[in-house]
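> mind folding the following:
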Amino acid sequence: MRGLRRAGPALALGLLCLAGGRLPGLAGQAALYLSLGVFPGMALGRWLAGRAPGAPRWTLGLALAPLVSAGLGALLLMCGVPLRVAALGIAIAGWLAWLVLESLAPTDEILPAEAGAADRGFMLGWGVVIMAAAALPWLANPWILVRSDSWIHGGLVWEIVHHGVPPQDPRFAGLTGNYMWFYNLFVALLVGLDRRDPFVHMALFNTLNLGVCAALAYRVALEVWRDRTAARGAALLIVLGLNAGAWLLWPLSLGRALVGSTRGWTDVMNQVHLLRPGTCDIIFNLHAPFSWMVLFLDKFTVGTSLSYAWLLLLLWLWALPRWLEQGRREALVWAVLAAAGMPFFHVVVGASAVPVGLATLGLAWLLAGRRGTRSPERVGLPTRGRLVALAAATAVGGLLAVPYTMAISSGWSPEKSGFRTPLIKPNWTVWWTLLTACAVTLWFARRPLARAFRERRPGAAMLALFTLVMGVFAAVVHLRLDNESKFVFQVFLPLALLGGAAFLPEVRAFFARRSPWIAVPALALLFLAGPALMLHGYCADPAGKAAPQLHPAPGERHLYEWIRSRTEEDAVLVDAQGRDLIMVLGERRLWVGTTAPPELAAFPVTEMAERRAVADDLYGPGADLDRDARSLARLARPVYVVYRPGDFPGAAPWRNLERPGSPFTPAYQADGFRVYRLRGL
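Have a look, this model is predicted:
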């Protein structure tokens, strides 16, 4: 009877998924999300958590679920299993395994030292608040679902749904994707269950990730400091601490009025105009002037895998005190999974955090041998044996992802991409961003940093060393398109875990010294004004009212329906102006679906030039249709050329394709849209 009672949550959520999945709209998608976004991770988390109490088990399970689902999905798809069958198999097996493990759990699983440590009431309340904040923009404004990188990821999802893995880049037919695709595979598996909207699944993924990040911060801080107040502070600071108060430095931007070609009052008005409250652009004014935009909440509103990679970094940081202080062997498995998952989901995070983690363990090993040959714990460092074991686990995890990482990065070689990026290039912008984005959190962390070594806390000492090494790494390593801005988050995360120990005590002391009429506005300006302005801008942004992703032209939806139902699944479409609408709304690959330079996604520079020349001719003079046809035919796939009304005022370039002897034949015409098919394919 006790086993059945313990399995109650698993049984209840399984029934909810089964019944709710039949509902239309958001309710149905949220219920379906449980099948892959919860069940497989809970099964593994239940096993890996061992005799730990309920809260770590749930936190661990929710953190692992997307990694487990995507990992199993990749293996099954590569073995030839259809996507829907793979998704159903993973969901059912995950739920049954979770149910059985819960039913068979021993009755004495809760250790006395950990009983009651979960602080469930606080974490449930805080989790609901922040997840509601993450969900509010996309619930209030559909534009948030598809804006920015979300659109590209939506195209990759449909690519996997129709063609499996590894995916091609849907913007460049015939080119194997040069981008990490595990995240897209996870969403594609969810879509495979019932062909629901992939963008809603992306939003649910991000929303849940924010709550899990806060829960992980709570658990790591609790392991390190053995104090609920410190754990609560970390859960709060990790959400509110990045860039706290940095928006108050905006007046520094007016310094541009003293230099440059535009000066004086004209430039001042230009800067004021750029504030743009009530739009998504407001986020570019909620950080210090002359720095990069690094807003924590923003990354939980865009359909990318970045938020989950940070979550896995927090999982690895959780393994530090769990193993180094307590010797819990299951933490070594956590480290393997986290170190493998980070590059699988986001190569920038994995290729930086995993080497920095290994370097941190190596530095601690050297310091332990130098400062205390037999008892390194006397200076607050772990024993050398445990450091070596954790380094080995981390290295194993990183090595598991090496073949995948090499495969998706092969296109970035200078010979193919046509550009070079120096790896070591100190940049004052990243230094300024680090300083302004982390200044408030560093202030709270100043005393805990000293306590880490003074009180001989190995977990805290390792967090301090990781922060130091990651900070040095961020200050000197350069990536294309200034992607080193992501390193700022990776410096902030461990710093927030340290600063959390002092956050609530110092806030209380501030209230004790100041009148509430001063303290409340001051703290609100510091921690809440920035997120509030961002959320308001996202909810109110009017860009979606005219966005073609949400409001196609008359007859355009019929065109996409025709493409989905009447063209071959491996068809390639040529569309003017580099539009990437067809890869999502038509679910087909594009000849070239971008006007950006090749370095955007490692498109081969010579091939890019040839494809643009073909498109220019098809939508221009049509001077060499035979050459265009030969170039298109090299794909060995059906090819269609789309002409849209309004793209060619005063001209009719499609008539070139209707000339006698043309290698193209009409395939579709309605509402001013015309589509021509390449003959012979």
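> going forward, measure contacts between C-alpha atoms and count neighbours the same way
Noted.
> in stretch 123-138, what's buried?
Buried residues in stretch 123-138, counted by 16 or more other Cα atoms under 10 Å: 123, 126-127, 130-138.
> and of those, the nearest to residue 455?
Among these, residue 123 lies closest to residue 455 (Cα to Cα), at 27.3 Å.
> hmm, residue 217 and that closest one touching each other?
No. Taking Cα atoms under 8 Å as the definition, residue 123 is not a contact partner of residue 217, at 10.6 Å.
> ok, then the element right after the helix or strand where residue 519 lies?
Remark: residue 519 resides in helix 516-523, with elements defined by DSSP states H and E. Going down the chain from helix 516-523, the next helix or strand is helix 529-540, by DSSP H and E.
> elements contacting that following helix?
helix 120-140 (3 or more Cα pairs under 8 Å, 6 or more residues apart in numbering; DSSP states H and E).
> so what touches the helix it packs on?
55, 144-145, 203-204, 206-208, 210-212, 214-215, 232, 297, 300-301, 535-536, 538-539 (Cα atoms under 8 Å, 6 or more residues apart in numbering).
> domain map for the protein?
The chain breaks down by automatic domain parsing into domains covering 1-108, 135-147+197-541, 556-678.
> reformat the ones you listed into a markdown table and put distance to residue 549 and mean pLDDT next to each item.
Shown next, in a markdown table, are the domains of the chain (distance: least, Cα to Cα, whole Å; pLDDT from 0 to 100):
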| stretch | distance to residue 549 | mean pLDDT |
| --- | --- | --- |
| domain 1-108 | 19 | 87 |
| domain 135-147+197-541 | 7 | 88 |
| domain 556-678 | 7 | 92 |
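> for residue 175, find the nearest of the ones you listed.
Across those, the minimum distance to residue 175, taken as Cα to Cα, is reached by domain 556-678, at 8.0 Å.
> skipping adjacent residues, who's closest to residue 69 in space?
residue 36 (6.0 Å; Cα to Cα, 6 or more residues apart in numbering).
> and that neighbour, that's in a strand?
No. Read with DSSP: H, G, I helix; E, B strand; the rest coil, residue 36 is helix and lies in no strand.
> my read: it touches residue 191, true?
No. Counting by Cα under 8 Å, residue 36 stays clear of residue 191, with 10.8 Å between them.
> these two: which is more packed in?
Neighbour tally, residue 36 and residue 191, criterion other Cα atoms under 10 Å: the higher count belongs to residue 36, 27 against 24.
> distance check, the more buried one against residue 72.
Residue 36 sits 11 Å away from residue 72, going by Cα to Cα, to the nearest Å.
> overlap in contacts of the two?
With Cα under 8 Å, 6+ apart as the test, residue 36 and residue 72 both reach residue 90.
> which positions within the host helix or strand of residue 62 qualify as buried?
Element membership for residue 62, per DSSP H and E: helix 54-78. Buried residues in helix 54-78, counted by 16+ other Cα under 10 Å: 54-74, 76-77.
> what does that helix rub up against?
Residues contacting helix 54-78 (Cα under 8 Å, 6+ apart): 36-46, 49, 83, 86-87, 90, 118, 120, 164-165, 182-183, 185-186, 189, 209, 212, 215-216, 219, 311-312, 315, 341.
> swap in stretch 561-570?
162, 586-589, 637-638.
> got the CA coordinates for the helix or strand where residue 94 lies in CSV?
For residue 94, the host element (DSSP H and E) is helix 83-103. C-alpha atoms of helix 83-103 as CSV (Å, rounded to 0.1, in the frame of the first residue of the first chain):
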residue,chain,number,x,y,z
LEU,A,83,9.8,9.3,-35.2
ARG,A,84,6.3,8.7,-33.9
VAL,A,85,7.1,5.1,-32.8
ALA,A,86,10.3,6.3,-31.1
ALA,A,87,8.4,9.1,-29.3
LEU,A,88,5.7,6.8,-28.0
GLY,A,89,8.2,4.2,-27.0
ILE,A,90,10.3,6.6,-24.9
ALA,A,91,7.2,8.1,-23.3
ILE,A,92,5.6,4.8,-22.3
ALA,A,93,8.9,3.2,-21.2
GLY,A,94,9.7,6.3,-19.2
TRP,A,95,6.4,6.4,-17.4
LEU,A,96,6.3,2.7,-16.7
ALA,A,97,9.9,2.8,-15.4
TRP,A,98,9.1,5.7,-13.1
LEU,A,99,6.0,4.0,-11.8
VAL,A,100,7.7,0.8,-11.1
LEU,A,101,10.7,2.4,-9.4
GLU,A,102,8.5,4.5,-7.2
SER,A,103,6.4,1.5,-6.2
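> ok so, going back, which among the contacts of stretch 561-570 count as buried?
Buried members of the contacts of stretch 561-570, counted by 16+ other Cα under 10 Å: 162, 586-589, 637-638.
> run a quick neighbour tally on residue 9.
Per other Cα under 10 Å, the neighbour tally for residue 9 reads 14.
> so residue 605 touches residue 611, yeah?
No. At 10.0 Å, residue 605 does not count as touching residue 611 under the criterion of Cα under 8 Å.
> mind listing the strands for this protein?
Taking DSSP state E, the strands of the chain run over residues 572-574, 589-590, 639-643, 664-670, 673-678.
> what pairs with the first one, parallel or antiparallel?
I take that to be strand 572-574. When sheet partners are counted by DSSP bridges, strand 572-574 sits next to strand 589-590 (parallel), strand 639-643 (parallel).
> measure residue 290 to residue 440 for me?
18 Å.
> cool, residue 364 as well?
27 Å.
> residue 391 now?
31 Å.
> now residue 422: closest residue in space that isn't a chain neighbour?
Closest to residue 422 by Cα to Cα, 6+ apart is residue 478, at 6.6 Å.
> ok, residue 97 next?
residue 43 (5.6 Å).
> the one you found - how many residues pack around it?
28.
> what does residue 424 give?
Neighbour count of residue 424, defined by other Cα under 10 Å: 12.
> give the contact list for the nearest residue to it once chain neighbours are set aside.
Excluding its sequence neighbours, the residue lying closest to residue 424 (Cα to Cα, 6+ apart) is residue 477, at 4.7 Å. By Cα under 8 Å, 6+ apart, the contact set of residue 477 is 423-426, 484.
> what do you get for residue 161?
Taking Cα under 8 Å, 6+ apart, we find residue 161 in contact with 83, 188-189, 191-192.
> from those residues, which two are the most distant?
Most distant of these, by Cα to Cα, are 83 and 191, 9.4 Å apart.
> if we can go back for a sec, switch the domains of the chain over to CSV; also include distance to residue 157.
CSV is the format used below for the domains of the chain (distance: least, Cα to Cα, whole Å):
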stretch, distance to residue 157
domain 1-108, 12
domain 135-147+197-541, 7
domain 556-678, 9
